[in-house]
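Peer 1: Coordinates for the following, if possible.
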Amino acid sequence: MGDKSKIIGALILGAIAGAAIVKLLETEKGKELVESAKEKAKSTTDDIKSKINQLENELAELLQMEKENQSNKA
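Peer 2: The predicted structure follows:
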């Protein structure tokens, strides 16, 4: 099989897979799957934002403690 045949085969398989995914997402089960993925993504985003805020606060506290230590040494 030549390179052109492999590329055409891959494109055809990709098109078939894409069509199957579209059909799946049009069903009720597919819609539920999308909603579940959206909820999980939002939850994960919220968790990451919370962790970032926590780390920022901890870093600010450490910097403040270091400033106080430096001023006490002077």
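
Peer 1: Distance from the chain centre to stretch 48-65, please.
Peer 2: Here stretch 48-65 is found 22 Å from its chain centre; the criterion is CA atoms, centre = their mean, to the nearest Å.

Peer 1: Please apply the same query to stretch 32-52.
Peer 2: 8 Å.

Peer 1: what's in contact with that stretch?
Peer 2: 24-25 (CB atoms under 8 Å, 6 or more residues apart in numbering). C-beta: built from backbone N, CA, C; applies to glycine.

Peer 1: Now that stretch: average pLDDT?
Peer 2: For stretch 32-52, mean pLDDT rounds to 96.

Peer 1: Helices of the protein, residue ranges please.
Peer 2: With helices called from DSSP state H, the chain shows them at 3-26, 28-73.

Peer 1: can you put these in a markdown table and add mean neighbour count?
Peer 2: Shown next, in a markdown table, are those (neighbours: other CB atoms under 10 Å):
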| stretch | mean neighbour count |
| --- | --- |
| helix 3-26 | 10 |
| helix 28-73 | 10 |
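
Peer 1: Please report phi then psi for Thr27.
Peer 2: phi -80, psi 170 (degrees, to the nearest 10).

Peer 1: what about it, distance to Asn69?
Peer 2: 62 Å (CB to CB, to the nearest Å).
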